[in-house]
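# Would you be able to build a 3D model of this:
(chains A and B)
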Amino acid sequence: MSIFCILGGPPHVLYTFHDLALPDTGERRAAYSLFRTFFGARARSVTTMLPPLLLSLRVLLFAIPLLVLLGGGIGWLLARSDFPGKGFVSLLVQLPLILPPSVMGFYLLFAIGRNPFLKSLGILFSFSALVLAATVSALPIMIQSARAAFASVDGELEDAARTLGKGEWTVFRTVTLPLARRTLLVGLALSAARALGDFGVSLMIAGNIPGRTQTLPLYIYNRVETLDFAGAHAASLLLVGTGFASLYLVRRLEEGRNERRAAC
Amino acid sequence: MRVSLSLGVETGVLFGRSGSGKSMTLRTLAGLRTPSEGRVTLDGRTLYSSAERIDLPPRERNVGLLFQNLALFPHMTALDNVAYALPPGKKGREHAARWLARMRMEGFEDRLPARLSGGQRQRVALARALAAEPKLLLLDEPFSALDGPLRRSLRRELREIRAEAGIPILYVTHQIEDLCSLGDRVFVLRDGRTAESFPVERLWEKGARGEAWSALGWGNLFRGRITRCGEDCACRFEGERVGLSLDGGAHSPGESLVFVAPDKIRILYPDLPVDPDLGDNIFSAVVEETAPLGGSILLYLASENGVLWQAEHPSESYQALRLHPGSKVRFAVPPACIESWSGGRSSAKGC
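Residues are numbered from 1 along each chain as shown, chains lettered A, B, ... in the order given. Okay, the predicted model is just below:
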């Protein structure tokens, strides 16, 4: 209770707190709540956590290829080609990084809702909306990394491959990609973590429908709303662990790259 | 840029200052750059023609290019680098191993370029360029980063390869040593244009030498008059803007050309005593421009009387002097190193 007072929680939270059917006697009440917190709720939270977790993973499964293709492609364009308005485009694709997710989500909601064709696709408040939200919020990170990765590959190496009789696709596959790989993977790890953790954009365009569009971050919000702190803890811990793992992976990749550079 | 050159089965040297368009010319020949107009043919095959709208991509040109920084693939071993030029498979790898052996690189097949020395990297890069069996080999100052002995041994190998391969080689350099030891024919590039072209031997022909050198844009050449003046048989040269003491004996008086090779000019250290043999050939100047030439630096020095001198200086001592454009410097022209020509007769005491 006091936590919510300090945090200034919304009134309906207070309501659910009073609405809990607790036994009357002080002793029993204390024992029950203790049990609920440490055993019952924890056991229950694992089972209720499972659908949001699976949904989050499913979203990632679709978002990652999109991030690789879109982020890698746009990053490559920004690093390697010149076109009119390039400066503007590179600013535009970085915008989701600094805009509040609610603003980003609001514009997406508006754009899709107002366009009859997009609306008829039934994207909003569905699984596709979740994938879209995750991709949009993580894309700037992937683009930035891909741009840096491709820019770091010496164009002369590609030219050398061309004079040795190789076509463009072979040059990309055998020279550009292997040399850009580490930075690309760093970008992918960071952007996947961001995609997994998206809250604001998902809430705006996919809603928070349990069983349908409730991903892990939204689930945590719901758990806290219903005072199921154990459930919130379990899910949060899982996301913290994932975050740590991806940062560790990034560090390992970067260390490897620096070692290689030092060896040169 | 406006470049025109034609080369038989010989080694052409593209000579010019940095920024004169040498590398650009090579890239155009290799197909890495598209010229706005013109024509490139190799062995009867049109590689590029703006009139016929032919522009073969680099992979179809069969032109090998050895880059200045070698462009070895850092993620591939020496063997993989060479094998890259060959069709994939076991045969290609065996062939690549043979090329490495030919470049005396046995035992280094599995090393990454980062773990090879500068000279070894050169050899791998050369093996890779040759393994593709090009019809024309372009070399973009490949030896500029190496020190003397290594350069000499690589130049020797390149001469052997040239004799074996029987293909035209076009070599870009701004180092006079490379030019003299490798080239058959010189193409002088100046401000993106082929200014001159002549056989390398002409540089050694008596009488023509000074002009040939000055055509390279290298060296200090003055026109003027030699007068006999001192009792110890010393001569004096009086040009329009410059006067020099010459070592006596070898020079004949009269209208004359005087040439001083840049590497003979001595930069004077401010706190060291001056060699009395230098006579009065000591000038104060301001550094106008510096151009690194690998092991040495070419300095453009504007002397007080308004003459622009070229002086070549070893890179290490250049760093010790802390020279940069704008800094004041004193230099000397050793009288024994001055060559002169008058009426077809050349003379130099030698130094």
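
# From here on, just use CA atoms for contacts and neighbour counts.
Will do.

# quick check, B:Tyr300 in a helix?
No - for B:Tyr300, which was evaluated using DSSP: H, G, I helix; E, B strand; the rest coil, the result is strand, with no helix membership.

# Any idea how far apart the tips of stretch A:61-75 sit?
For stretch A:61-75, the separation between the terminal residues is 21 Å (CA to CA, to the nearest Å).

# in it, what's buried?
By neighbour count, and taking 16 or more other CA atoms under 10 Å in any protein chain shown as the criterion, the buried residues in stretch A:61-75 are A:Phe62, A:Ala63, A:Ile64, A:Leu66, A:Leu67, A:Val68, A:Leu70, A:Gly71, A:Gly72, A:Gly73, A:Ile74, A:Gly75.

# count of residues packed around the closest residue to B:Ser49 other than its chain neighbours?
Distances taken as CA to CA, 6 or more residues apart in numbering or on different chains place B:Arg39 nearest to B:Ser49, at 4.3 Å, with adjacent residues excluded. Here the count is done by other CA atoms under 10 Å in any protein chain shown, and B:Arg39 has 17 residues near it.

# Return the distance of B:Arg39 relative to chain A.
19 Å (CA to the nearest CA, to the nearest Å).

# which residues does that residue contact?
Applying CA atoms under 8 Å, 6 or more residues apart in numbering or on different chains, one finds that B:Arg39 lies in contact with B:Thr46, B:Leu47, B:Tyr48, B:Ser49, B:Ser50, B:Ala51.

# which residue packs closest to the residue nearest the centre of chain A, ignoring adjacent ones?
Relative to the mean C-alpha position of chain A, the nearest C-alpha, by CA atoms, centre = their mean, is the one of A:Ala195, at 1.3 Å. In space, not counting the residues next to it along the chain, A:Ala195 is nearest to A:Ala134; the distance is 4.4 Å by CA to CA, 6+ apart.

# My guess is that neighbour contacts A:Leu203. True?
No - assessed by CA atoms under 8 Å, A:Ala134 is found out of contact with A:Leu203, at 10.8 Å.

# and the gap between the residue nearest to A:Ala195 and A:Tyr248?
Looking at A:Ala134 against A:Tyr248, where the rule is CA to CA, the gap reads 22 Å.

# Between these two, point out the one with more neighbours.
Comparing A:Ala134 with A:Tyr248 by neighbour count (other CA under 10 Å), the higher total belongs to A:Ala134, at 30 against 13.

# which parts of the stretch 51-200 of chain A sit against chain B?
With CA under 8 Å from any CA of the partner chain as the criterion, the stretch 51-200 of chain A comes near chain B at residues A:156-157, A:159-167, A:175, A:178-179.

# same thing but 7 Å
A:Glu156, A:Leu157, A:Asp159, A:Ala160, A:Arg162, A:Thr163, A:Leu164, A:Gly165, A:Lys166, A:Gly167 (CA under 7 Å from any CA of the partner chain).

# what residue ranges in the stretch 151-264 of chain A are flagged as low confidence?
Flagging of the stretch 151-264 of chain A using pLDDT under 70 yields the residue ranges A:257-264.

# where along it do the helices fall?
Residue ranges of the helices in the stretch 151-264 of chain A, as given by DSSP state H, counting those that start in this stretch, are A:155-163, A:168-171, A:177-196, A:200-206, A:216-225, A:229-263.

# Can you give me the buried ones in the longest one?
Read that as helix A:229-263. Of the residues in helix A:229-263, those buried under the neighbour-count criterion (16+ other CA under 10 Å) are A:229-236, A:239, A:243, A:246-247, A:249-250, A:253-254, A:257.

# Tell me, how many residues neighbour B:Ser284?
In terms of burial, B:Ser284 registers 16 neighbours under the definition other CA under 10 Å.

# surely it meets B:Val329?
Yes - between B:Ser284 and B:Val329 there is a contact at 5.9 Å, judged by CA atoms under 7 Å.

# pLDDT at A:Phe35, what is it?
Predicted confidence (pLDDT) at A:Phe35: the value is 56.

# do B:Ala234 as well
57.

# closest point of the stretch 51-200 of chain A to chain B, which residue?
Among all residues of the stretch 51-200 of chain A, A:Gly165 sits closest to chain B, at 3.7 Å; criterion: CA to the nearest CA.

# what sits against that residue?
By CA atoms under 7 Å, 6 or more residues apart in numbering or on different chains, A:Gly165 lies in contact with B:Pro58, B:Arg59, B:Glu60.

# Excluding chain neighbours, give the residue nearest to the first one in space.
Put plainly, it is B:Pro58. Per CA to CA, 6+ apart, closest to B:Pro58 is B:Gly31, 4.7 Å.

# Give me the neighbour count for the one you found.
As a burial measure, the neighbour count of B:Gly31 was computed by other CA under 10 Å and equals 25.

# Please report phi then psi for it.
In this entry, B:Gly31 is assigned phi and psi values of phi 90, psi 10 (degrees, to the nearest 10).

# Which one (most neighbours) among the contacts of A:Gly165?
With neighbours defined as other CA under 10 Å, the most crowded of these is B:Pro58; it has 26 neighbours.

# sorry, back to before: surely the residue nearest to the centre of chain A meets A:Pro140?
No - under the criterion of CA under 7 Å, A:Ala195 is not in contact with A:Pro140, lying 11.0 Å apart.

# got a pLDDT number for the residue nearest to B:Pro58?
The confidence metric pLDDT takes the value 92 at B:Gly31.

# doesn't B:Glu60 make contact with it?
No - the pair B:Gly31 and B:Glu60 does not pass the contact test of CA under 7 Å, sitting 9.2 Å apart.

# Might you report the residue contacts of residue 219?
Going with chain A. With contacts taken as CA under 7 Å, 6+ apart, A:Tyr219 has the following neighbours: A:Pro52.

# right idea, wrong chain: chain B
Applying CA under 7 Å, 6+ apart, one finds that B:Gly219 lies in contact with B:Trp213, B:Val260, B:Ala261, B:Pro262, B:Gln310.

# and the closest residue to the third one other than its chain neighbours, backbone torsions?
The reference is to B:Ala261. Nearest non-adjacent residue to B:Ala261, counting by CA to CA, 6+ apart: B:Gly219, 4.9 Å away. Reported as degrees, to the nearest 10, the phi and psi values for B:Gly219 are phi 110, psi 170.
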